[in-house]
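S.K.: what follows is a protein structure lacking sequence information:
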């Protein structure tokens with residue numbers, strides 16, 4: 001029999017560090033041909049550009065496939081299966097496929113797709129890797145505290161949103177074969193222990209937790225789990241195993257177009273104000289900074305904002321400043337645009 005091509009599903013909440021992890025996997029691939037499938041929640045694809053602009057071999061235009069027409073776990077038949085078949089039908093198929101899910105995706109429905117007859121004989125899920133933001137978990141952002149939920153029920157208009165986030169986090173942990181406790185460099189030893197205890201409460205027996213900073217981990221750890229996860233679906237419990245598996249009504253995204261940004265520091269401050277005032281979960285995009293030949297990348301999760309020049313603007317490429325924002329349904333888009341645009 002022809003060996004099945006292994007695939008790794010990388011899941012994790014918004015801003016946990018999935019794309020940064022993939023860049024390090026490519027850098028330590030040791031000659032293996034990797035194909036990357038990047039799934040984004042929203043109208044503006046950013047992660048693919050971040051990867052193809054990283055300058056590493058294996059990050060070329062043909063190596064990265066981006067799917068932006070909805071969450072993969074909801075569009076398996078229309079998006080995922082045809083993409084996988086196209087990769088396998090290449091004259092030189094990949095040695096390993098890496099799938100980065102949207103930060104709002106449930107991993108289990110995607111693992112189920114590998115049991116479909118069209119792909120089961122050709123593919124196997126080598127493992128599900130969940131990336132966790134250690135400082136966020138240490139702060140209790142996704143802790144499931146029934147007493148606190150009950151106390152806030154009468155006054156918290158965002159209650160359903162918080163419940164959805166907690167269930168999503170728990171599902172990403174319960175499906176994992178390996179957990180990366182990322183951003184460990186941003187947490188104290190006490191905070192790391194607190195985060196580790198929270199994470200372990202949601203794991204199946206035998207699942208390892210590895211502490212990482214900036215997603216730095218050797219590809220041999222992540223791309224060699226041999227879990228065959230598609231054969232172990234019943235052992236991966238989910239809050240969404242019922243007939244109404246999953247939807248994204250709790251979340252929405254929209255794009256903010258800005259003109260040339262002459263003061264990125266000021267924009268960074270405005271992003272923090274928008275996050276704090278409107279519960280924005282994730283901000284990412286690129287800026288046109290006049291006088292600079294390089295594109296300026298922006299990523300934010302919570303109050304933490306990361307900015308850097310990632311690559312030169314391409315010949316003929318329109319210089320533009322665009323950000324995609326993801327947050328709870330019903331965000332005040334006009335107010336957020338005002339905060340970001342009135343610079």
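M.R.: On my side now, so go ahead. Computed from a predicted model, the values in this text were never measured in an experiment.
S.K.: wait, a helix at residue 193?
M.R.: Yes. Counting by DSSP: H, G, I helix; E, B strand; the rest coil, one finds residue 193 located in a helix.
S.K.: you'd agree residue 276 is up against residue 305?
M.R.: No. Taking Cβ atoms under 8 Å as the definition, residue 276 is not a contact partner of residue 305, at 11.8 Å. Placement of C-beta: from N, CA and C, glycine included.
S.K.: now the strands for the stretch 151-300 of the chain?
M.R.: Under the criterion DSSP state E, counting those that start in this stretch, the stretch 151-300 of the chain carries strands at the ranges 178-182, 208-211, 251-258, 282-287, 294-301.
S.K.: right, so the ones you listed: which one is the most enclosed?
M.R.: For those, average neighbour numbers computed from mean count of other Cβ atoms under 10 Å are highest in strand 178-182, which has a mean of 25.
S.K.: dump the strands of the stretch 151-300 of the chain to CSV, plus distance to residue 220.
M.R.: Putting the strands of the stretch 151-300 of the chain into CSV (distance: least, Cβ to Cβ, whole Å) gives the following:
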stretch, distance to residue 220
strand 178-182, 12
strand 208-211, 12
strand 251-258, 35
strand 282-287, 29
strand 294-301, 27
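S.K.: which of those strands sits closest to residue 106?
M.R.: Evaluated with Cβ to Cβ, those place strand 251-258 nearest to residue 106, the distance being 12.6 Å.
S.K.: what is the closest one packed up against?
M.R.: Secondary-structure packing of strand 251-258 (3 or more Cβ pairs under 8 Å, 6 or more residues apart in numbering; DSSP states H and E): strand 321-328, helix 333-341.
S.K.: so the residue nearest in space to the middle of the chain versus residue 10, what's the distance?
M.R.: The residue at the geometric middle of the chain, judged as the C-alpha nearest the mean C-alpha position with Cα atoms, centre = their mean, is residue 103 (3.9 Å). Between residue 103 and residue 10 the computed distance is 11 Å (Cβ to Cβ, to the nearest Å).
S.K.: now swap in residue 197 and tell me
M.R.: Shown here: residue 197 relative to residue 10, a distance of 23 Å by Cβ to Cβ.
S.K.: which of those two has more neighbours?
M.R.: Neighbours were tallied for residue 197 and for residue 10 using other Cβ atoms under 10 Å; the higher tally belongs to residue 10 (28 against 11).
S.K.: the more buried one sits in which helix or strand?
M.R.: Assignment of secondary structure by DSSP states H and E places residue 10 within strand 5-12.
S.K.: distance between whichever strand in the chain runs longest and the chain's centre?
M.R.: Of all the elements of type strand in the chain, the one with the most residues (DSSP state E) is strand 123-133. Strand 123-133 has its average C-alpha position 12 Å from the chain's average C-alpha position, going by Cα atoms, centre = their mean, to the nearest Å.
S.K.: now do that strand, average pLDDT.
M.R.: Strand 123-133 carries an average pLDDT of 94.
S.K.: which is the next helix or strand following that strand?
M.R.: Tracing the chain C-terminally past strand 123-133 and defining elements by DSSP H and E, one meets helix 134-138 next.
S.K.: which residues touch residue 288?
M.R.: Contacts here follow Cβ atoms under 8 Å, 6 or more residues apart in numbering; on that basis residue 288 touches 259-261, 295-296, 313, 319-321.
S.K.: 10 Å instead, please
M.R.: 258-262, 295-296, 313, 318-322 (Cβ atoms under 10 Å, 6 or more residues apart in numbering).
S.K.: now swap in residue 306 and tell me
M.R.: Under the criterion of Cβ under 10 Å, 6+ apart, the contact partners of residue 306 comprise 15, 20, 268, 284, 297-300.
S.K.: pick the most deeply packed of the helices and strands packed on strand 251-258.
M.R.: With neighbours defined by mean count of other Cβ under 10 Å, none of those is more surrounded on average than strand 321-328, at a mean of 22.
S.K.: next, the angle from that one to helix 333-341.
M.R.: For strand 321-328 against helix 333-341, the angle between stretch directions is 140 degrees (axes from the mean of the first three to the mean of the last three Cα atoms, to 10 degrees).
S.K.: avg pLDDT for strand 321-328?
M.R.: Summarised as a single mean, pLDDT over strand 321-328 is 86.
S.K.: what's the distance between it and the middle of its chain?
M.R.: Put simply, strand 321-328 sits 14 Å off its chain's centre (Cα atoms, centre = their mean).
S.K.: repeat that for stretch 25-37.
M.R.: Its chain's average C-alpha position is 18 Å from that of stretch 25-37, according to Cα atoms, centre = their mean.
S.K.: just the endpoints, please. Distance across it?
M.R.: For stretch 25-37, the first and last residues are 14 Å from each other (Cα to Cα, to the nearest Å).
S.K.: pull out the buried residues from it.
M.R.: Taking 16 or more other Cβ atoms under 10 Å as the basis for neighbour counts, the residues of stretch 25-37 that come out buried are 25-27, 29, 34-37.
S.K.: show me where pLDDT drops low in the stretch 101-250 of the chain?
M.R.: Of all residues in the stretch 101-250 of the chain, those with pLDDT under 70 make up the ranges 142-163, 242-250.
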